[in-house]
Structures are given as structure tokens and as C-alpha cells.
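Student: I would like the atomic coordinates for the input below:
(2 chains)
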Amino acid sequence: MNGGSGALALRGVTRRFGEHAAVDDVSLDIPAGELLALIGASGSGKTTTLRITAGYEIADSGQVLLDGKDITSLPPQKRGFGMVFQHYALFPHMPVEENVAFGLEARGVDRATRLARARTVLESVGLGGAGKRGIQSLSGGEQQRVALARALVIEPRALLLDEPLSNLDPTLRQSTRDELRSMLHRVGVPALFVTHDQEDAFAIADRIALLRNGRLLQVGKPEDLYDRPESLEVAQFIGRATILPGEDAGDRVGVSVGGLRMEFAATRPSAGSGRSGKTQVVLRPDALDLTPAGEENAWHGEVVNRRFTGGSAVYKVKLSDNITVEVASQNMQLREGDAAGVKVVREPLPVVYG
Amino acid sequence: MNQKRSWLLALPVLALLLWTVAFPNVAVIAGSFENGLGHWREFLASPTDREALTTSIVISLASVAASLMIGVPLAFLLSRFEFPGRRILRGVATLPAALPPLVGVIAFLFLYGESGIVTRTVQTIFGMEEAPWRLTGVWAIIFVHAYTMYVYVFLFVSAGLERFDTTLDEAASGLGASSWQRLRRVTLPLLTPAIAGSMLLVFMTSLGSFSAPYVFGGGIRVLSTQIVASKLNGSLGLAYVETTVLALSAVAGLALFRWLERKRKYASSGKGSATRKTVGSRRAATVAAVLSALVVIVLILPHLMVVLVSFAVDGAWTTQVLPPEYTLDNYRQLVTDSQLWRPIVNSVSMAAVATAANVVVCFVAAYLIVLRKFSGRRLLEILVALPWAIPATAIALGLAATFNRNDPLSGRVLLVGTFWILPLAYFIRGLPLVSTAVEGSLRQLDPSLEDAARGLGASWWLTMKRVVLPAARPGLVAGALLAAVTAVGEFVAGVVLYTHANRPISIEILAQLRALAFGTAAAYSVLLIALVLIMTFAARGLEERMA
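Tutor: Okay, here's the model as predicted:
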């Protein structure tokens, strides 16, 4: 990707607060129409990255490019980006339609035209009749949609969303994810959204960028980060996993538990820095399954916890050597205290080093 | 606690407030009609009274405008930008409010009066025959008002800006709004409650202001001074009419404000994340620092002036720019001369009595208003807030009209001429200050805490002592401080109600000034400022120990 045709790009962006680098040499490319989720724990620099992209913070070094042009020092009001804030930042003294029309007001569009356009956009987010309502009378979900409408009405060149779902209750969150994904795809501009919730990121984003301590750990499709983590840190952050020491055996990897060593097909990080350190094997709950106690070629132990998750259950099984693994299984029969066997059912297993 | 017990607790408080707050107003209004419409006709026919009414309102509106012009930009400068000296300037900016009104007026006299230091300096520099200006009339009054009352605007707007949700400003700029559009469409509309609240406060204070018109008025008449003049002339009926008109103007202003406030539908959002822009270039930072230093000098000059003059030899300072001779005698006399020491004892003891009464009555009232939803709540709320809406002159005259004869059957007890009349006046003026503060504290108390304590088996007394009182304490301390500071420097009620034996400091300051004993007057003023500072630090220490 070269940052052309409406694409948004960051090049080596760095922002320091005193000695501490909040954002450290971050480069990203978001082509038009793509949804990129920036995820990471709090303090990882994701919000600062977003604010630099929007123009509210100035990078100490590095560039922000839009359509190949350098906009690093352009103030926010000249960027023409649509931003949805975490707490929505709706103007409490304006009714819904004036909030939505504000960006057009700032552009000198006459009142009748801008209100008409605001109404059209409000309809598209399912709030057709709500134009005259006050902000205080809206529910959280409605406020979120007004904030989105306000960002969309200016026909933004890029969309930036800061934790757009974090203020919604869990049920609403599920349905809003799908709505948001299709809405953002329809707009067809680069969209960058920040979240600390990887389920949100998995559900909405085309690609995910994982930040830690201001540095990008990995950028890729959700399934890439899940199945082919580039580092131990990525494997630990993304999804649930039991991580066990392994031994490289050619392309394959060997894992020993309680004296029983088994070998599996493996995927490894691309060559480079990701190849130093001890060999670690990532066991996802869905790569394992339960087997009847006593079966050969399986590790054996005792169920210490069982959690029903709908179509399956997740068991914690304590094996020998004080190793506890998480296993997702369709088998609902076992209870705490039962003896159980554990085997690998999905290969290759991700291997990371560190 | 059920309704009956609430009423039992409320009854003595309600009775006291009806007697001391409501009844005097009734007495004033009744007095204005004592010969039918005669006094009212007299009022309407008198050109001086009509002039006094318009001047009062014009001065109040101009004071509001002037306070806004100083207070709003200063609040923006000190809240939105970071530059060297910002924190000091922020503290100094509230200093004028620490001056008791009469002391502020006197400081201005020493500075900008005909023989004031600034005036004399300008006169000397330009070799003028006469003083370049005279500190009298409407402009002088507005000048002093602007200096002391801009603090309300500054504090309200600063608080509004601190609470201001800066993401709203960011959202507006992201949507393409220029800084002017953001100010006009987002920042100012959201600050409207703060600005309007401070405007109301300035208007009310200015309408009731007495010291500035009294000292600088010259030929100018305003209602608050006119009332006192009429009373001294023996035209009590006319004074009652003037008092009623003044109080009605104030209440009308208040009602107008409340009506405007109710028309607004939104509550201002209250989660603060104020970010300050650091003043960028070195040159801009220098300009900001120099400007700040100038502002600081202008603001503390009156205080310094009072301190300087307090060391001047009485009678020696005539035509020179600065007092020529200095001495410690002024202070020595205050302590050694029992006649001069007396007002200090008077003011402190009267303020102490009044504040103690405020603490007890306002705590009970606030408790009933906030935590007990009993049926007499509205009446109680109105009674404690009423003295806020009524100018001090009107309160003083009401007391003079009510407690001037001994007729307990009609609710009249002879207090005029005794020690107790001024503490009563201070008590009434302190009611809204203390109860607002305590109500604020108690509103933060989760009402279920009281239920929880009772549910755990605590008696009503234990709940009061361990749950309610600790919650009310910050408000009690802050409110009591405000009431005590106001009482110790109080002037207006003093003018109307003092006797020689119970004269407060402010009255003595005026007497010394009349006798041209500037040094002694200034020494009293310094003492007043010191008292205010000591009380402020004591209250702060108390607050910290509790926290």
C-alpha cells in the first residue's frame, strides 16, 4: 500500500511526554473502505495515536498522510475527519438536529439546507423523528448514533472512533457492532477505531493493530493475530490461551506434560526478532478437546472448573507438573472433580519465542 | 423520622425565622402604608427619590457590565493558558473580595481620591494645578464596584471553565469550527449559567451596596443611602417606602433571573477535564508574565496602600504624594486606648454570637430541607434564602422598625439600642450563606446512608452524630467562615442600628476618617483584613484536620 487514493497513513509517528514515549514509531496504512481497530491495554498509546491522527495532538516526529499528502501539522478543523468521541461529546445546549448540522454550520451551509441534510443522515442511522429532541432525553445507544450521524454529515475523508461502544450495555453492544460495521463499510472512507475490547475489534474490524507501551506489536486480520501471533505478548493479549514450554523439532514442536511428550505441526513468527528466546507453545481452548479418562495419547488430569458458554463448555483441567489448561468441549457431562483426558484436535499450533 | 417529629424539630426554627426574617419585612411594608398612600405619594412626588431609584438601577447594571468586562477575560486567561506566574495571579485575583466593603472604599480614597497617591503622582508628573480627576459621583461608585465585584464573575466563570468538558471544544474543531465559531456556539452558551449567576450576584450586591455611594456619592443619591438619610431626617414613613421599593427591585431582579434560568432546558455537563494551553513562544510568555505582574500590582495596591497609611502620622499627610512621617502609634493606640479598643471587642464578639447562632439554626434547617422531605420544607427554604434577596439596608430598617418598642404581645421586643440588635442583623445576613453551604454538603450525602445507619440499630442521635453531622461539617465550616467574615466587617446595618457602646469597627473607621485621622482609620482597616485572613486560615486548618 502506498497511502494513495483516499488512504490514511501514519509514518513513524512518535509522541513523548517527558521521558516517556506514549507513541513510539508507529506506522499504519488504512486504505479507503477499510476498518482498522487499534487495540491495547489502557496506557498503551492507542488514544494518543488516534488524537494525533485527528490533529488534537501533534506528533514529535513522523507524519500523518491522507491520500499521500502530508497533513501532520494541519489543525483538526481543516482535516475534515469525522470523529466519534468516547462519551460522544454531544453539545448539551443544542437539540439533536443542530448537533448533527453543526459541522455544516461551521462550513457556512445555510440553515434550511443543513437541517435537511442532518435529517437525512439521522434517518440513515434510524433516528428519523428525533431531530427536535434534547440530548439529555436520548438513551446511550441513541446518543451514540447521533454522534455517528454528526460525524457522517460532513462527508468525512476519514472516520475516527474512540471507544465508540464502551458506554453501551452488553445486549445493545452486540447489535450495534454489526450495524456499525456495515455503516462504516458503506461510507467507504478509511476508518480507525480505538477499543480496549478485543471482541469489539474482532466483530467490527477488517484488520487489527495491537499496541503495547506505544509500540505496534502486530498488524493483521483478526484470525492472523489469533492463529499466527508474532510474539509471546500478542499470544497473551489476544484470545484465551494456555502457554506451555515446547521444544523445536524441525518444523514441528514437541510438548511434554507429566512425562508424556507429543509432537505437533507448528506455525512460527516470520524470521527476525520474533525468533529469539525460549520456545513457547500456544494452546487455545478450541484447539483442545476432552477425551475419556484413560485414553492413550492424551494428557490426563482432573476437572477443577467448568463454565457453560452456550453450545459448549470451557473446562479447566489440572494436569500433572502443576499445569492447568483450558479446554473448550461440546461434552457437557463432566463436573468438577471428574477425571479427564486432554488432547490436541486442531493443528498447527502457534509457536512463539520469549 | 416521621412528619410529626420533623415538625417538632422544625417548629422552633420556623418560629424564630418567621419572627426575625419575615415579620420585619411585614412591619416595613405596613409602616409604608401607615397613613394610607400618603408616604407613597410623597415618594412618587419627590424628584430625589425618583432619581435615587433610577441611579441605583443604572449603577447596578453598569457594575454588572464592568465586572463582566474584567472578570470574563481574566477567567479565560487564567483557566485556558499556562504561563509563569499563573497560580499566583489566580490567588491575587480574588483578593478584592477579601477587603471588607468599607475598607475597599477607603483604600480607593487613599489611592485615587483627590489627595490619593496615584492622583498626586499624576498631578506632580504633569505639573498640574489641580487634581486631574475627582473620585466622586456615579463613575467613582462603578469603579469601586467593578474592582470588588468582578471577583464574583471571575470565580463563577473560572469554575465553569474548570468543569468545562474540553472534548466538546475538540468535537467542534474536528467538525471544522473556527476558534471564533467555537467560542460563540459552544463555549459561551455552555458558560451561560455561570455568567448569568455571577451577573445576578453582582446586580444584587450592587443594588444593596452602601459603602461606595455613602463615601463617594457626593451629590449622587441611590436608594440604599436615601433610606438612611430619610431615617436620620425623621421621615420614617418615607424610609419604609424606599426600603420596600429597593427590596422589590431586588426581588424583581431575582425573579427575572429565575424565569430566564427555567427557560433553559439543558443542564450543563459537569465532568471536568480542563486542559491548559501552554503559552508557546518565549516572547508571548514574557508578555503574559509582564501583563500578569501589572495586574497583580493594580490588584494589591489598595491593600498595600491601607498598610502604608496605617503607619502614617495622623494629620501630617496633607499635600504630599506620600505620607511624610511614619509611626507605630496608630497600632499602639488601638491596643492601649480603651475607647479605640472597644469597637474591636464589639465586632469580634457580635460576629461570634451571630455566627454561632447561624451554625445551629442553619444546620437544623438544612437537615430538614435536604434529608427530611417534610411538608414545611418550602417555607423553610424561602425563609433562609430571603435575606439574600433583600438588600442589607432594607434588613436593617426592618429590624429598626420591628424591635424598637417593647410589646411582646405583637411580637415586638425592645432590642434597638441594646447589644443584641447588631448580632441579630448579622445573623439574618448570614442565614443564606451558611444554609446554602450546609445544604450543598448534605446533598452529597447518599440518603440511604442514614437509612443504613438506622437499619444497623443506631439511634436517631447516634445517626445524627456519626453520619449526618460529619457530612455537613465542610459546609458548616465554609459557611460559618463566610458569615463571620461578612459580620466582622459589616457596615450597612451598623450605620442604621449601632449605639455608641456597641459600635463596630466599620463605624469607628468612618468616624476616624471624618476626623481626618487617616492613620488610625487605616490601622483599623489593616486589623480587619488581618482578622479576615486569620479566620480564613483557621477555617482551612480545621477543614484539613477533618479531611
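
Student: Can you report phi and psi for the residue in chain A sticking out farthest from the centre?
Tutor: Farthest-out residue of chain A from its mean C-alpha position, per CA atoms, centre = their mean: A:Gly294, at 40.7 Å. Main-chain torsions, A:Gly294, degrees, to the nearest 10: phi 100, psi -10.

Student: In the stretch 101-250 of chain A, which residue sits closest to chain B?
Tutor: Proximity of the stretch 101-250 of chain A to chain B (CB to the nearest CB) peaks at A:Gly103, 3.6 Å away. Where C-beta positions appear, they are placed from N, C-alpha and C, glycine not excepted.

Student: Any stretches of the stretch 351-500 of chain B with poor pLDDT?
Tutor: Of all residues in the stretch 351-500 of chain B, none has pLDDT under 70.

Student: For chain A, what's the nearest residue on it?
Tutor: B:Arg443 (19.9 Å).

Student: A:Lys221 touches A:Arg207, doesn't it?
Tutor: Yes: in this structure A:Lys221 lies within contact range of A:Arg207 using CB atoms under 8 Å: 5.7 Å.

Student: Between the two, point out the one with more neighbours.
Tutor: A:Arg207 (19 against 13; other CB atoms under 10 Å in any protein chain shown).

Student: Strands of the stretch 201-350 of chain B, residue ranges please.
Tutor: B:277-278 (DSSP state E, counting those that start in this stretch).

Student: That one: helices as residue ranges?
Tutor: Per DSSP state H, counting those that start in this stretch, the stretch 201-350 of chain B carries helices over the ranges B:211-216, B:223-232, B:236-263, B:282-309, B:329-336, B:338-370.

Student: Select, out of those, the one closest to A:Ala112.
Tutor: Of all those, helix B:236-263 sits nearest to A:Ala112, with 25.3 Å by CB to CB.

Student: Please point out which parts of the closest one sit buried.
Tutor: The neighbour-count check on helix B:236-263 (16 or more other CB atoms under 10 Å in any protein chain shown) flags B:236-247, B:249-250, B:253-254, B:257 as buried.

Student: so what does that helix touch, helix or strand wise?
Tutor: Judged by 3 or more CB pairs under 8 Å, 6 or more residues apart in numbering or on different chains; DSSP states H and E, helix B:236-263 is in contact with helix B:23-32, helix B:38-45, helix B:47-80, helix B:188-208, helix B:223-232, helix B:377-389, helix B:392-402.

Student: so where's chain A uncertain?
Tutor: Scanning chain A for pLDDT under 70 picks out A:1-4, A:271-274.

Student: Close to chain B: what parts of it are there?
Tutor: When proximity is defined by CB under 8 Å from any CB of the partner chain, chain A lies next to chain B at A:54-56, A:75-83, A:85-87, A:89-93, A:102-103, A:105-107, A:134-136, A:150-151, A:154.

Student: now do 6 Å
Tutor: A:56, A:76-77, A:83, A:85, A:89, A:92-93, A:102-103, A:106-107, A:134 (CB under 6 Å from any CB of the partner chain).

Student: Could you give the number of residues near residue 115?
Tutor: All of this is about chain A. 18.

Student: um, chain B though
Tutor: 16.

Student: can you check A:Ile30 too?
Tutor: 24.

Student: list the contacts for the spatially closest residue to it that is not a sequence neighbour?
Tutor: Distance criterion CB to CB, 6 or more residues apart in numbering or on different chains; nearest residue to A:Ile30, sequence neighbours excluded, is A:Pro190 at 3.9 Å. Shown in contact with A:Pro190 (CB atoms under 6 Å, 6 or more residues apart in numbering or on different chains): A:Ala7, A:Leu8, A:Ile30, A:Ala32, A:Ala158.

Student: Redo the residues you listed as a markdown table? Include secondary structure and distance to B:Val496.
Tutor: A markdown table is the format used below for the contacts of A:Pro190 (DSSP: H, G, I helix; E, B strand; the rest coil; distance: CB to CB, whole Å):
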| residue | secondary structure | distance to B:Val496 |
| --- | --- | --- |
| A:Ala7 | coil | 78 |
| A:Leu8 | strand | 73 |
| A:Ile30 | strand | 75 |
| A:Ala32 | coil | 78 |
| A:Ala158 | coil | 70 |
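
Student: tell me which residues in the longest helix anywhere in chain A are buried?
Tutor: Longest helix in chain A, counting residues (DSSP state H): helix A:170-187. For helix A:170-187, a neighbour-count test (16+ other CB under 10 Å) marks A:Arg173, A:Thr176, A:Arg177, A:Glu179, A:Leu180, A:Arg181, A:Met183, A:Leu184, A:Val187 as buried.

Student: on contacts alone, who are the packing partners of the host helix or strand of B:Tyr426?
Tutor: In this assignment (DSSP states H and E), B:Tyr426 forms part of helix B:421-443. Counting contacts by 3 or more CB pairs under 6 Å, 6 or more residues apart in numbering or on different chains; DSSP states H and E, helix B:421-443 packs against helix B:338-370, helix B:377-389, helix B:392-402, helix B:469-488, helix B:492-497.

Student: Closest to B:Pro84 out of the residues of chain A next to chain B?
Tutor: The closest of the residues of chain A next to chain B, once distances to B:Pro84 are taken by CB to CB, is A:Tyr56, at 25.2 Å.

Student: What's the local residue count around the closest one?
Tutor: Applying other CB under 10 Å, we find 21 residues neighbouring A:Tyr56.

Student: Give the full set of residues in contact with it.
Tutor: So A:Tyr56 contacts A:Pro76, B:Glu170 (CB under 6 Å, 6+ apart).

Student: ok, now how distant is it from A:Ala37?
Tutor: A:Tyr56 is 20 Å from A:Ala37, where distance means CB to CB, to the nearest Å.

Student: returning to that earlier point: comparing the helices and strands packed on helix B:236-263, which stretch has the densest surroundings?
Tutor: Highest mean neighbour count among these (mean count of other CB atoms under 10 Å in any protein chain shown): helix B:392-402, with a mean of 27.

Student: Contacts for that helix next, please.
Tutor: Contacts with helix B:392-402, where a contact means CB under 6 Å, 6+ apart, come from B:24-25, B:27-28, B:31, B:208, B:210, B:224, B:227, B:243, B:246-247, B:416, B:425, B:428, B:492-493, B:496-497.
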